[in-house]
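Peer 1: Sequence isn't available, so here's the structure alone:
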């Protein structure tokens, strides 16, 4: 058995084990008690609402995918009248496969999450330990499915076609679905969340998950479509993009499928196996700290990956220790980014408490302090991404021409190697968030709600950490995709007899033109998403007020009087689906226009500006939003005046600003960066051949 066959076998076995364990966890969750009829009724409404949104969203995305598939068939990798039709067909099939696998992974996550939430709520009656395990294992199904489909899809494309550039089509399929799924899910969830908080907590002073509030079910639906399906698609996209860019460079270095390609698959498979072991070992004591348990699982998985990849590098011929070092650097920096994010967003740390204390002076101080600390929080992550890219570049540079950029690509692969564990932690968040709401709506008592609150607080902190991790990984991935773009465009330039690109001089006006436009796109993209939340939340606030005014007995909570939850779900659904396409098209159309106006050099500048601006905004918004959210929860726990105080009302205002920051715009930007990078690589031959000033 040669080296490539060996790593394919290891990868396939890792995928089989991941899927088998995911099925086991799914059935384990289903076996947990779910007997409270009120909770089952509400959980059923959440499940139905999530399915309705996902069905409508996927129908719209299917139309987009159909149009994109036709365009790819005609133009990529070369115009059909100039190139080989078999290559264009391969690209189309790869694109559709990336879209479909990403959608399936998201759907699986929704199914399990909406089953786990009711069981975690009832588990909280028995204590922290059983509820934690249900929430975490429910999230782990999503984590294992995402990474399993990612590794299987990438391996299948490369085995069938033998051409790593076709993987760019597979990655674009995953990225385009992720862009719209994250944006659509983010608009849905924050429309409901903002409207529910403003009308319930601020205007009426009722609890967060009070069933009298007509938006409460839409809020819980949003947790699933935004943070489970959306975030799963986001990290599926990042993982595929990291592997695709690394394999494109590996094939260029190997002159085919060789040892460098084997390294990519071997490390990815080991990362999946390490995640499986980490998930299996995750536990919290009876009176333990769930945040500490989740973080400990991440750290142990990290250590296991470093040890196992070191052993593989030792035993397998041709594996370079410098490549192992680059992947280890990427992963360690990812963990460091997570730790710094935790410092700025955990309510047991001083920053959150400072913002909570500032809230006593009013909403303006909540906003000012949160924005300030949010910007500061971006520095450690940006430095971490810069240091890891520089260290990986310099470490691998002595291996020969092309290996420096390959080192950065392997740092991205390393950072995303334990993505199975990262997604498990992230999907745990919305499950226990829903469980907290179900515990309140089911009348399970104050002690059960307290346990669920503790789990939910850990979920908020870990969600902030995973968002920081995913944004950091996207940063390294798109730097490696920039290298893949240079490889692709130079092939086209050489075929046309034009001068090859060796770098991007910012003093070149064409490059600078691209930088300025690329830097502006993330800001406009974010604004469009948040305006979507703003517009739709206003409609839902008006609907909630109408119901409280017109439904007799709703405000008082009279027996038998129910809110009209479906209308609020429909407002969030229609609004999200209406707003998601324009924002996504903005990023794609801007890339195409810059390419055809300025050519390959302008696209290089466009990507540079987009990466730097996008990473800064994504980190700032993600961390500021998590900071405001946990400041509110810290006050609700009885600090700084507690619920109903002036500080609480100010903190709720901060949270409503932070919600679209952290759950809509922030995490969507890293997907936007990946999409424009892939569009640039896919259209590199067209930009090289046709441009006004290139």
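Peer 2: That came in fine, so what should we check first? Values in this document were obtained by computation on a predicted structure and should not be read as measured data.
Peer 1: Number of residues surrounding residue 281?
Peer 2: Residues within reach of residue 281, counting by other C-beta atoms under 10 Å, total 12. Just so you know, the C-beta spots here come from the backbone N, C-alpha and C atoms, and that holds for glycine as well.
Peer 1: quick one: contacts for it?
Peer 2: Residues near residue 281 by C-beta atoms under 8 Å, 6 or more residues apart in numbering: 297, 300.
Peer 1: same question, residue 431
Peer 2: 113, 116-117, 120, 134-135, 138-139, 228, 459.
Peer 1: Distance of residue 16 relative to residue 138?
Peer 2: 22 Å (C-beta to C-beta, to the nearest Å).
Peer 1: higher neighbour count, those two?
Peer 2: residue 138 (32 against 12).
Peer 1: Where does the more buried one fall, secondary structure wise?
Peer 2: helix 128-161 (DSSP states H and E).
Peer 1: what's the model's confidence in that helix, averaged?
Peer 2: Per-region confidence: helix 128-161 scores 89 on mean pLDDT.
Peer 1: Which elements pack onto it?
Peer 2: helix 3-31, helix 85-123, helix 166-196, helix 231-254, helix 259-281, helix 290-315, helix 419-441, helix 446-495 (3 or more C-beta pairs under 8 Å, 6 or more residues apart in numbering; DSSP states H and E).
Peer 1: Counting neighbours, show which residues of the third one come out buried.
Peer 2: For helix 166-196, the neighbour count (16 or more other C-beta atoms under 10 Å) marks 166-196 as buried.
Peer 1: cool, the second one as well?
Peer 2: Of all the residues in helix 85-123, those buried under the rule 16+ other C-beta under 10 Å are 87-88, 90-103, 105-123.
Peer 1: and what of the first one?
Peer 2: Residues of helix 3-31 classed as buried: 3-4, 7-8, 10-12, 14-15, 17-18, 21-22, 25-26, 29 (neighbour count, 16+ other C-beta under 10 Å).
Peer 1: Determine which two of the residues you listed are furthest apart.
Peer 2: 3 and 29 (38.9 Å; C-beta to C-beta).
Peer 1: distance between the lowest-mean-pLDDT helix or strand in the chain and the chain's centre?
Peer 2: Least confident helix or strand of the chain, by mean pLDDT, DSSP states H and E, is helix 446-495 with a mean of 77. Computed by C-alpha atoms, centre = their mean, to the nearest Å, the chain-centroid distance of helix 446-495 equals 5 Å.
Peer 1: same question, stretch 271-280
Peer 2: Distance, centroid of stretch 271-280 to centroid of chain: 19 Å (C-alpha atoms, centre = their mean).
Peer 1: neighbouring contacts of it?
Peer 2: Contacts with stretch 271-280, where a contact means C-beta under 8 Å, 6+ apart, come from 14-15, 17-18, 21, 136-137, 140, 143-144, 147-148, 151, 297-298, 300-301, 304-305, 308, 416-421, 424.
Peer 1: if you set the cut-off to 6 Å instead, what comes out?
Peer 2: Applying C-beta atoms under 6 Å, 6 or more residues apart in numbering, the external contacts of stretch 271-280 come out as 14, 18, 21, 140, 147, 297, 300-301, 304-305, 417-418, 420-421, 424.
Peer 1: same question, stretch 682-694
Peer 2: Stretch 682-694 has contacts (C-beta under 6 Å, 6+ apart) with 76, 78, 168, 488-489, 492-493, 510, 595-600, 603.
Peer 1: which one among those gets closest to residue 576?
Peer 2: residue 168 (28.6 Å).
Peer 1: Residue 164: neighbour count?
Peer 2: 27.
Peer 1: Revised request: answer the last question for residue 586.
Peer 2: Neighbours of residue 586 using other C-beta under 10 Å come to 15.
Peer 1: Tally up the residues packed near the residue nearest to residue 561 when sequence neighbours are not counted, please.
Peer 2: In this structure, residue 561 finds its nearest non-sequential neighbour in residue 553, 4.0 Å apart by C-beta to C-beta, 6 or more residues apart in numbering. Each residue near residue 553 was counted by other C-beta under 10 Å, and the total is 12.
Peer 1: for the one 5 residues further on, same thing?
Peer 2: Each residue near residue 558 was counted by other C-beta under 10 Å, and the total is 11.
Peer 1: In three-state terms, how would it be classified?
Peer 2: For residue 558, the secondary-structure state derived from DSSP: H, G, I helix; E, B strand; the rest coil is coil.
Peer 1: And the nearest residue to it once chain neighbours are set aside, how far from residue 199?
Peer 2: In space, and not counting its chain neighbours, residue 558 is closest to residue 552: 8.0 Å by C-beta to C-beta, 6+ apart. Residue 552 sits 18 Å away from residue 199, going by C-beta to C-beta.
Peer 1: These two - which one has more neighbours?
Peer 2: residue 199 (23 against 9).
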